[in-house]
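[1] Below: sequence and its predicted model.
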Amino acid sequence: MASRTGRPDSPPDLGVLAGRLLSAVQRDLFATLAEKGFADLQPRHGTVLAHLRREGVRATDLSRASGVHKQVIGTVVDELERLGYVERRPDPADRRAKLIVPTGRGLDQMRAADTFMTAMERRHARRLGPDAYARFKALLDDVAEHQRRKASR
């Protein structure tokens, strides 16, 4: 496979690898969720669902955690609310603010997604070895956080 440099022996760049990983995880996750009764969900909903908390979270925090603009988060929250996965509630800490809170269906989806992700991570840890997989995740997290900080300047 050629990289962007055009040399066939060059490994793909970080953007290509990250995109491949995200696409593969999303395909597998959303296919599994569909089998579990959540066929109305789409990968774009992951920008909210991946960062949703049982106690709720503000849209600004979802935007910061996902790296997606707050207006996009608002559109996705609107869709998830129509589908019955979340609801908006006043934030007890600040009545002017709203929390995005999972409904019963949202909590069911969160449990199904957590089960899937745990199984996927265990599979990769068995394949690579637990220490190598833990190191891979730590390094990937470091690179992602460094890039996120640089991009937000």
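    Happy to help now that I have it. Residues are numbered from 1 along each chain as shown.

[2] just checking, what's the longest strand in the chain?
    strand 94-102 (DSSP state E).

[3] how far is it from where the chain is centred?
    Distance of strand 94-102 from its chain centroid, counting by C-alpha atoms, centre = their mean, to the nearest Å, is 21 Å.

[4] and what of stretch 32-39?
    On C-alpha atoms, centre = their mean, the centre of stretch 32-39 falls 17 Å from that of its chain.

[5] rewinding a little: for the following helix or strand past the longest strand of the chain, could you pull out the residues that count as buried?
    Where DSSP states H and E defines the elements, the next helix or strand beyond strand 94-102 is helix 104-128. For helix 104-128, burial by neighbour count (16 or more other C-beta atoms under 10 Å) applies to 105-106, 109-110, 112-113, 116, 125. (C-beta placed from N, C-alpha, C; glycine too.)

[6] And for stretch 133-146?
    Buried residues in stretch 133-146 (16+ other C-beta under 10 Å): Tyr133.

[7] Check the offset of that stretch from the chain's centre.
    16 Å.

[8] cool, and stretch 75-88?
    16 Å.

[9] Can you classify Arg53 by secondary structure?
    coil (DSSP: H, G, I helix; E, B strand; the rest coil).

[10] phi, psi of it?
    For Arg53, the backbone dihedrals (degrees, to the nearest 10) come out as phi -120, psi 150.

[11] Make 5 the first number, not 1, from now on.
    Renumbered: residue one is now 5, and that last one reads Arg57.

[12] Spell out for me which residue occupies the centre of the chain.
    Ala54 (3.9 Å; C-alpha atoms, centre = their mean).

[13] Ramachandran angles for it?
    Taking degrees, to the nearest 10 as the convention, Ala54 sits at phi -70, psi -20.

[14] burial count for Asp98?
    10 (other C-beta atoms under 10 Å).

[15] Actually, Pro134.
    Pro134, neighbours per other C-beta under 10 Å, totals 11.
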